[in-house]
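A.B. asks: need a 3D model of the following:
(2 chains)
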Amino acid sequence: MADRYAYYPGCSLQGTAVEYDISSRAVARALGIELIEVEDWSCCGSTPAHTVDQLLYGALAARNLAIAEAMGLATVVAPCPSCLVALKNALAMVQEDERRKELNELLELPFKGELQAKSLLQVIFEDVGVEVLAQKVKKPLKGMRLVPYYGCILTRPPKRAQFDDPENPISMDRILEALGAEVPDFPFKTECCGAAFGLPKRELVLTLSAKVLEMAQEVGADAIVVACPLCQQNLDLRQGQINSHCGTYFELPVLYFTQLIGLAMGFSPNEMGMDKHAVKADRLLEKWQEESRG
Amino acid sequence: MEILDIGFIDKDFIKAVEQESGQEISRCYQCGNCTAGCPLSFSYDIPVHQIMRLIQVGQKEKVLRSHAIWLCATCETCTTRCPCEVDVARVMDTLRIMARREGMVSERGIRRFYDAFLESVKRHGRLFEVGLLLRYNLQRGRPFADADLAPKLLGKGKLHFLPDDIKGIDAVRGIFERITKKMGL
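C.D. replies: Coordinates of the predicted model:
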C-alpha cells in the first residue's frame, strides 16, 4: 500500500515553478508515495508575512495544516522550503497554549497541530531511501556531472529543520549518486542566492547568485540541482541578467532534483518539464544519451 | 572604529526586543560569528553583531532605522552558528516588525514589495505572481522592470494572466481583518 501524505504545493509551483509540481507528483506516484492535495489550500504567508506579524504568519500557514488535519492526514509534504518553514513555524506555535488559543480565534477552525511537516526531499531520502530509489533506476544518469545546491533554509536552523546537516547537507548528493550521476564536492551548497530580493533589490540577487554559478562552473558541473523554487528562479530565470550585470557567460541548466529522479526512472524529458527552464538543458541531455549508448 | 555617544539607554526597547523575540540579547558576547557568516553583510550599513550590541545598549532609533534589518534575507546562518544560541534571525525579524510599528522603515522598496505580496494573498488567497509584478513595478514607477524575463516564461504554463481566487477566500480575508483589528491598525 502506498504511503499517504497531504500535499501542499504552494503558490510558486502553480506558476513559475510548475515543472517542480509536475515532476514531484509524477515521481511520488512512481515511488509509491500517495500525495493528496490539501483541499483549497492558501498561501503560507512566506517571507513577507513574518516581517509584519508573527501571528499573521502563523495563521496563514496554520489554515492549511488545519485542513490537512481535518482530512485525517498525519504528514504534510511541501516541496518548497519557504512553505515548509512557514508550516513548521505554525506547528511550533500551536504547541504553546496561549498561541494556540490566538491561532484558533484567527482561523475560526479547530487546529490541534497533531501532525508533522516534511520536505519532499526528506520524504524521498528518509521514507523511501536511496537503496529503494537505486533499485527503481532504469536509465542511470551516466555522464552527468551534477552539483546539489541546497540553499539556506532547507536544513537551517537544525533545531527547526530536524533534517540532514546544516553546514554540509548530503541528502541530495546521495540521491543523485544513487541515480548514477557524478557528484563532485560543492563548497557553496548552502550559500544564499539572494532569496526574495529579486524584485526589490535585484542587484543583490545577481551578485549572490553569480557566486553560486561561478563555483558550479569551477568544479566542472554540467548542471546545478535544486530543491527550492526561489533558488531555481534566481539562478535560472535571472542567469541572463547575471551575465549582463557581471560580464559573465554562464550557461548552466538549473534543475529540480525531482526532474532528475524522473529522468532516471524512465520518464521522458518532456514529462519532467525539462523544456520549461530559461537555460536549456539540451546539451546535458544529449551528453547523457551519448554516454548511455556507450 | 566608530565611537558612539550612547547617551540615553532605552531599557524599554531592550525589554521589548527580548520579549517579542523570545531571545536573551544579553547573552551575546560579540564574537562576530554572525557577521562572519552573513551573506548579505556586504550590503549592510551596520553589521549584524553590531546590531546586537546596539540593542544591548538600548539604541532604539539607530537599530530600527538601519537598512541592515531589511537587507537580511533570513537565511538563518547566524542563528545556526551563534555559540550563545541566540536566534539572531528571529531578532532581525522582530526588529522589522518593530520598525514598521514605529514608522522607522528605511528600506521602503522592500517593505512595499512585502506589502504588495500580502495584498495579493489577501485578495486571492494565493499569490498572483503576474499581478504582484505589475502592481509593484507600477507603484515604484518602473513598469518595464524585468520585462526581459517574460519571453523566458511565456508558452510554458508558467504565467497566469488572470487570478484564480480560492473558494475559502473569505477565511483568508478574515485572518487579515482580525489581525489588523488586533494590531489596532
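
A.B. asks: residue most distant from the centroid, chain B?
C.D. replies: B:Gly155 (33.7 Å; C-alpha atoms, centre = their mean).

A.B. asks: element containing that residue, please.
C.D. replies: Assigned by DSSP states H and E, B:Gly155 falls within no helix or strand.

A.B. asks: quick check: it vs A:Leu120, distance?
C.D. replies: Distance, B:Gly155 to A:Leu120, using C-beta to C-beta, to the nearest Å: 27 Å. Heads up, the C-betas are built off the backbone N, CA and C, glycines and all.

A.B. asks: how is chain A divided into domains?
C.D. replies: The record's domain parsing of chain A by automatic domain parsing lists A:3-120, A:138-293.

A.B. asks: the longest one: end-to-end distance?
C.D. replies: Translated: domain A:138-293. Domain A:138-293 stretches 14 Å from its first residue to its last (C-alpha to C-alpha, to the nearest Å).

A.B. asks: quick one: it near chain B?
C.D. replies: Yes: with C-beta under 8 Å from any C-beta of the partner chain as the criterion, chain B is reached by domain A:138-293 at A:152-153, A:156-158, A:166-167, A:190-192, A:194-197, A:199-202, A:204, A:207-208, A:237-238, A:240-241, A:275-276, A:278.

A.B. asks: where in chain B is pLDDT low?
C.D. replies: B:185 (pLDDT under 70).

A.B. asks: what residues go with each domain of it?
C.D. replies: With automatic domain parsing as the reference, chain B has domains B:11-102, B:108-182.

A.B. asks: in chain A, where is pLDDT below threshold?
C.D. replies: In the predicted model, chain A carries pLDDT under 70 at residues A:1-2.

A.B. asks: can you give me the strands in it?
C.D. replies: With DSSP state E, the ranges of strands along chain A come out as A:3-7, A:33-37, A:75-78, A:116-119, A:146-149, A:223-226, A:254-256.

A.B. asks: what residues does the third one touch?
C.D. replies: Read it as strand A:75-78. A:5-10, A:33, A:35, A:38, A:64-65, A:68, A:84, A:87, A:115-120, A:123 (C-beta atoms under 8 Å, 6 or more residues apart in numbering or on different chains).

A.B. asks: need the longest helix for chain B.
C.D. replies: With secondary structure taken from DSSP state H, chain B has its longest helix at helix B:108-124.

A.B. asks: please name the residues that touch residue 16.
C.D. replies: I went with chain A, as the question did not name one. Contacts of A:Thr16 by C-beta under 8 Å, 6+ apart are A:229, A:233, A:237, B:129, B:153, B:158-159.

A.B. asks: actually it's chain B I care about, not the one you picked
C.D. replies: B:Met98.

A.B. asks: SS state for it?
C.D. replies: helix (DSSP: H, G, I helix; E, B strand; the rest coil).

A.B. asks: that one and chain A, how far apart?
C.D. replies: 14 Å (C-beta to the nearest C-beta, to the nearest Å).

A.B. asks: before we move on, the earlier item: make CSV from the domains of chain B and add distance to A:Cys44 to it.
C.D. replies: Formatted as CSV, these follow (distance: least, C-beta to C-beta, whole Å):
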stretch, distance to A:Cys44
domain B:11-102, 14
domain B:108-182, 9
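
A.B. asks: deepest-packed of those, please.
C.D. replies: domain B:11-102 (a mean of 19; mean count of other C-beta atoms under 10 Å in any protein chain shown).

A.B. asks: give me the distance between the two termini of it.
C.D. replies: 16 Å.

A.B. asks: kindly report the same for stretch A:259-276.
C.D. replies: 11 Å.
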